[in-house]
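Q: for reference, the sequence and a predicted model appear below.
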There are 2 protein chains.
Amino acid sequence: MAVIVQKYGGTSVGNPERIKNVARRVLATQQKGNKVVVVVSAMSGETDSLIKLAKEVHPEPNEREMDVLLATGEQTTIALLAMALHALGAKAVSLTGAQAGIVTDGIHTKARIANVTPKRIHELLDEGNIVIVAGFQGTTPEGHITTLGRGGSDLSAVAIAAAVKADVCQIYTDVDGVYTADPRIVPNASKLEEISYDEMLELAALGSKVMQARSVEFAKKFSVVFEVRSSFNNNPGTTVKEETSKMEDVVIRGVAVDKNQAKVTIAGVPDKPGIAAKIFKAIADANINIDVIVQNVSEKGFTDISFTVAANEAAKSAKVLQPIVKEIGAREARSTPDIAKLSVVGIGMRSHPGIAAKIFEMLAANGINIDMISTSEIKISVIIGLKDADKATRAIHDAFGLARS
Amino acid sequence: MAVIVQKYGGTSVGNPERIKNVARRVLATQQKGNKVVVVVSAMSGETDSLIKLAKEVHPEPNEREMDVLLATGEQTTIALLAMALHALGAKAVSLTGAQAGIVTDGIHTKARIANVTPKRIHELLDEGNIVIVAGFQGTTPEGHITTLGRGGSDLSAVAIAAAVKADVCQIYTDVDGVYTADPRIVPNASKLEEISYDEMLELAALGSKVMQARSVEFAKKFSVVFEVRSSFNNNPGTTVKEETSKMEDVVIRGVAVDKNQAKVTIAGVPDKPGIAAKIFKAIADANINIDVIVQNVSEKGFTDISFTVAANEAAKSAKVLQPIVKEIGAREARSTPDIAKLSVVGIGMRSHPGIAAKIFEMLAANGINIDMISTSEIKISVIIGLKDADKATRAIHDAFGLARS
């Protein structure tokens, strides 16, 4: 008897009809002879409503109390899903994060899972129940309610799968897997049958909406193989797992593009130690996340430092830097909108030299100018003009033979 | 430093503005040098919305899961009230029923409180916090979430007041105390300064909306003195406590009228053992609550049995009785609408004979016919025509000198 953990996100349980649909899928899984643990999110929109309510009583609500408030979202879903399963004649019991034994640290609104004690889950499974667990939430050892932050329900599912030693962990979402590129940009993009943790991590970091990096990291750490698939159809999804030697035969796994970027450049920076630290401390203090950083080679004792940020933080970044520019004796800080980051990901790069060269050639052949370059062991990112983003994505996708055959 | 427990119902916390208002009252109480524990209900309307949602996935939701669902209502309020208190600069921490140490039996949707372990409440109070506890809910020793049923938040407040040995327990509601009669019927009805548990219990049983009988019973059992008052003004309310000898000087405490009644009569019932049991078992099996029961003296081996029910259950009662009428060989079962139950309550009755006679005289003098009579040690109820209800209430209220001076 296999143990299967299934996770359904907010869209999949967004209203009573969809909850009933999830109940049918879950019951069908049990009826195939499996023990089933279901992890669910709050109904879509619910978390936003609660945050709105909180803001009406306090502009910056206390994080401990925010967790008490937000945890009601998933608690509502688990009860409704249990009822929907009962309506189908199934045995089902709901558990809050605390009841399921999900213990976290005390960092409210973005707690980390410390451990999962799956005793109660096992007991309920052994009694023939479908066990429904509230995702996104846990408890501290002292009994405070915590939540895990964005993508927390995926993390709950992976952690439970690790704790119950599940045979299968399925992450149901509104896309039916991981693609070689965004199908809205590249219509003949193909769904990947499998992908390594590291590649999935790069894609998550590149802004793929499929899954947050921390859940993938957790799965990698505890070797939890999981499958990303759609709750709206029965198509096979994409399996995320340890890399195999076969995976390296494929040169690149996919092309990702992030159009929500802006570039900030500080020009004429004196090339002295400690200058870069000053700049990035100011940015960090303003709570701005930076992405690609490039520093040109110094000429005549001056250099340019450029970095990218989310488009909606470009103005704030430039503003934050004004006093720093003065302080360090740089020429100016300016932001450039309308750029995109195109990234190519694949563990095959490690054993296939020359990928970067091929990408640069391909872009040149299409008349696309490269603004910045950043690479890791299994990823190459280039910053290009926003207007060129789709064309470049399609060209590279084709050049590496990723299209659906 | 006095310990004060305050309870605010659903109307008092019905929206963010009202929650802020409650926060101000609570903080003012603490600033007078008190330790404050606040017990709150779900925002008004919230529980009904959750029940509606449940019914959309299952016509008769499982009660364990219903409790998981409904408990989110108070959990939302405690977090919001904590935030509202923080906005005023107060120290405040919220606790769910389970976190507050409210342990119940396992009878879901109408659990009884088994014990309250106020360790955590005391710790938080000692640290200078206002402690906010979710009413209406608790946990079984095994960790299942339970709810206490109608009026459950009052019960939570009284139980916590008993456990923390509170100096004062205040039940804030949308009326500002207990009156000698319904002020809508008797404009010069006066607010009672104090009332005994037993009198309050009779009033609760008579359909007074102020408080459920079980909370009063609990308060009586643990000698918790509490005050019923309004959250919308600062008027003193009514204190409910052990009877004092002074209380007995007052002949009657109040007049209550219940217009939501109907009478069901089974005529021509053979006067044999076991017949009444058959009738009332059929009614009980149909989940119909009966109130006053009267059986006339038998004449020639036949008798009439009458009882009252809530008006909306009269038709169902008559229907349920049709097969029984046939089985026991009675003549017929019929229901009579448009009746009212008028009750006079007071522990003074015990030491003042002749109250019943005075009431009957008064009704006769006003040309009001009495249909049924039922008495207890501290209460006399009469069933009269609905059209006479208000007139009778005013006449009796005046006759016993209850009017505001």
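A: Yep, that arrived. The shown structure was predicted, so the numbers you read here are calculated from the model rather than taken from an experiment.
Q: okay, now the closest residue to chain B within the stretch 101-250 of chain A: neighbour count?
A: Closest contact between the stretch 101-250 of chain A and chain B, by CB to the nearest CB, is at A:Gly143 (5.9 Å). C-beta coordinates here come from the backbone N, C-alpha and C atoms, glycine included. A:Gly143 is flanked by 12 other residues according to other CB atoms under 10 Å in any protein chain shown.
Q: over to A:Asn296?
A: Neighbours around A:Asn296, by other CB under 10 Å: 14.
Q: relative to B:Leu203, how far out is it?
A: 85 Å (CB to CB, to the nearest Å).
Q: kindly report the same for A:Lys387.
A: 77 Å.
Q: more crowded one of these two?
A: Between A:Lys387 and B:Leu203, counting by other CB under 10 Å, B:Leu203 is the more crowded of the two (26 against 12).
Q: what are the contacting residues of the helix or strand harbouring the more buried one?
A: Secondary structure assignment for B:Leu203, by DSSP states H and E: helix B:197-205. Helix B:197-205 is contacted from outside by B:178, B:195, B:210-213, B:216-217, B:219-220, B:240-243, B:253-254, B:256, B:343, B:345-347, B:376, B:378-379, using CB atoms under 8 Å, 6 or more residues apart in numbering or on different chains.
Q: so what's the residue count around A:Glu332?
A: Neighbours around A:Glu332, by other CB under 10 Å: 12.
Q: list phi and psi for the nearest residue to it once chain neighbours are set aside.
A: Sequence neighbours aside, A:Ala267 is the residue nearest to A:Glu332 in space, at 5.4 Å (criterion: CB to CB, 6 or more residues apart in numbering or on different chains). Backbone torsions of A:Ala267, given as degrees, to the nearest 10, read phi -100, psi 150.
Q: give the contact list for A:Ala267.
A: Contacts of A:Ala267 by CB under 8 Å, 6+ apart are A:304, A:330-334.
Q: just the buried ones among those residues, please.
A: A:304, A:330, A:333 (16 or more other CB atoms under 10 Å in any protein chain shown).
Q: next step: the residues you listed restricted to strands.
A: Residues of those located in strands (DSSP state E): A:304, A:333.
Q: out of the buried ones among the contacts of A:Ala267, which comes closest to chain B?
A: Closest approach to chain B among these (CB to the nearest CB): A:Ala333, at 37.1 Å.
Q: circling back to that earlier point, how close does the residue nearest to A:Glu332 get to chain B?
A: Taking CB to the nearest CB, to the nearest Å as the measure, A:Ala267 falls 45 Å from chain B.
Q: which pLDDT does the model give that residue?
A: pLDDT for A:Ala267: 91.
Q: and A:Thr47, what element?
A: Counting by DSSP H and E, A:Thr47 is found in helix A:46-57.
Q: buried residues in that helix?
A: A:46-47, A:50, A:53-54, A:56-57.
Q: what's the most distant pair in the residues you listed?
A: A:Glu46 and A:Val57 (17.8 Å; CB to CB).
Q: hey, where'd the helices end up in the stretch 101-250 of chain A?
A: Here the stretch 101-250 of chain A has its helices, by DSSP state H, counting those that start in this stretch, at A:119-126, A:152-163, A:197-205, A:213-221.
Q: and the first one, what does it pack against?
A: Contacting helix A:119-126 under the criterion 3 or more CB pairs under 8 Å, 6 or more residues apart in numbering or on different chains; DSSP states H and E are the following elements: strand A:35-40, strand A:92-95, strand A:130-134.
Q: please name whichever of the ones you listed is nearest to B:Asp154.
A: Comparing these by CB to CB, strand A:92-95 comes nearest, at 27.5 Å.
Q: contact partners of the closest one?
A: A:78-79, A:81-82, A:85-86, A:120-121, A:124, A:129-134, B:64-65, B:68.
Q: list the residues that contact the residue nearest the centre of chain A.
A: Centroid-nearest residue in chain A: A:Gln212, 1.9 Å away (criterion: CA atoms, centre = their mean). The contact partners of A:Gln212, by CB under 8 Å, 6+ apart, come to A:150-151, A:154-155, A:204.
Q: circling back: got the helices of the stretch 101-250 of chain A as JSON lines, with mean pLDDT and distance to A:Glu361 columns?
A: Supplementary listing: the helices of the stretch 101-250 of chain A in JSON lines, determined by pLDDT from 0 to 100; distance: least, CB to CB, whole Å:
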{"stretch": "helix A:119-126", "mean pLDDT": "98", "distance to A:Glu361": "54"}
{"stretch": "helix A:152-163", "mean pLDDT": "97", "distance to A:Glu361": "38"}
{"stretch": "helix A:197-205", "mean pLDDT": "87", "distance to A:Glu361": "22"}
{"stretch": "helix A:213-221", "mean pLDDT": "93", "distance to A:Glu361": "31"}
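Q: tell me the most buried of those?
A: Highest mean neighbour count of the helices of the stretch 101-250 of chain A: helix A:152-163, a mean of 28 (counted as mean count of other CB atoms under 10 Å in any protein chain shown).
Q: by how many degrees do that helix and helix A:119-126 diverge?
A: Taking axes from the mean of the first three to the mean of the last three CA atoms, to 10 degrees, one finds helix A:152-163 and helix A:119-126 inclined to each other by 80 degrees.
Q: tell me how chain A divides into domains.
A: Here the domain assignment for chain A is A:3-174, A:255-399, based on automatic domain parsing.
Q: tell me which of these is the most buried.
A: Per stretch, and counting mean count of other CB under 10 Å, the top mean among the domains of chain A goes to domain A:3-174, which has a mean of 22.
Q: now the end-to-end length of that one.
A: End-to-end distance for domain A:3-174, by CA to CA, to the nearest Å: 23 Å.
Q: same question, stretch A:126-142
A: End residues of stretch A:126-142 are separated by 29 Å (CA to CA).
Q: what about it, distance to the chain center?
A: 23 Å (CA atoms, centre = their mean, to the nearest Å).
Q: what does stretch A:169-186 give?
A: 12 Å.
Q: what pLDDT, on average, does it get?
A: Mean predicted confidence for stretch A:169-186 is 91.
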